[in-house]
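In: Sequence first, predicted model second:
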Amino acid sequence: MPVKVLDSFALIAYFSNETGAEEVENLLIAAGQTAVPLHMTDVNYAEVRYSIAKKHGASSWAAASKILQGLPIDFHSTSRALADIAAEFKTRFKMRLADAFAAALAKDMNAELVTGDTEFKVLEKEVRIRWLKE
């Protein structure tokens with residue numbers, strides 16, 4: 001199974017049962033069975049936390065947070081090198097900073113980026129993208 005990086009869109013879809021939720025669940029199951037974790041930046045984690053709490057309330061985030069602890073996802077702190085890649089993407093493609101960090105991690109790890117966020121279309125020549133669908 002190739003290395004995969006989750007954008008916040010993917011994890012928000014999973015917790016909110018939105019487009020792509022079933023596909024993300026299947027990826028999580030496969031990651032658990034193969035002991036090959038999925039990956040996400042702490043920046044994208046913050047976006048997931050913020051989005052769930054804002055849209056569904058603090059109690060929903062508390063429940064999601066407990067589930068998240070048992071999921072096969074490795075969270076990556078930022079580094080100067082990762083920040084440089086993210087800044088380059090943000091500058092060249094005029095994208096949101098959190099999205100730039102997800103793309104930067106995927107590029108740095110030579111991984112596939114899992115998302116349904118169409119903002120990433122401009123990066124299809126830079127990063128492999130696995131598009132979530134219904």
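Out: Done, it's in.
In: got a list of what Ala21 touches?
Out: Going by C-beta atoms under 8 Å, 6 or more residues apart in numbering, Ala21 touches 13-14. No exception for glycine: its C-beta is placed from N, CA and C like everyone else's.
In: gap between it and Gly32?
Out: Going from Ala21 to Gly32 by C-beta to C-beta, to the nearest Å gives 17 Å.
In: Also Leu71?
Out: 8 Å.
In: Can you show me the helices along the chain?
Out: 8-16, 21-34, 42-56, 58-69, 80-93, 97-109 (DSSP state H).
In: Enumerate the positions of the fourth one that are buried.
Out: Which is helix 58-69. 61, 64, 68 (16 or more other C-beta atoms under 10 Å).
In: Distance to Leu38 added to the residues you listed, as JSON lines?
Out: Shown next, in JSON lines, are the buried residues of helix 58-69 (distance: C-beta to C-beta, whole Å):
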{"residue": "Trp61", "distance to Leu38": "20"}
{"residue": "Ala64", "distance to Leu38": "16"}
{"residue": "Leu68", "distance to Leu38": "12"}
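In: Pick the one among those closest to Ala111.
Out: Comparing the buried residues of helix 58-69 against Ala111 with C-beta to C-beta picks out Leu68 as the nearest, at 19.7 Å.
In: Do you know the pLDDT at the closest one?
Out: If you check Leu68, the pLDDT there is 95.
In: Over to Pro2?
Out: Looking at Pro2, its pLDDT is 85.
In: okay, now it: neighbour count?
Out: 9 (other C-beta atoms under 10 Å).
In: and it, what is it in contact with?
Out: By C-beta under 8 Å, 6+ apart, the contact set of Pro2 is 111-112.
In: And Ile67, by the same measure?
Out: Phe15 are the contacts of Ile67 under C-beta under 8 Å, 6+ apart.
In: Look up how far Phe101 lies from it.
Out: 23 Å.
In: any idea how far Gly70 is from the residue sitting furthest away from the middle of the chain?
Out: Centroid-distance maximum for the chain: Ser59 at 22.0 Å, with C-alpha atoms, centre = their mean. Per C-beta to C-beta, Ser59 is found 19 Å from Gly70.
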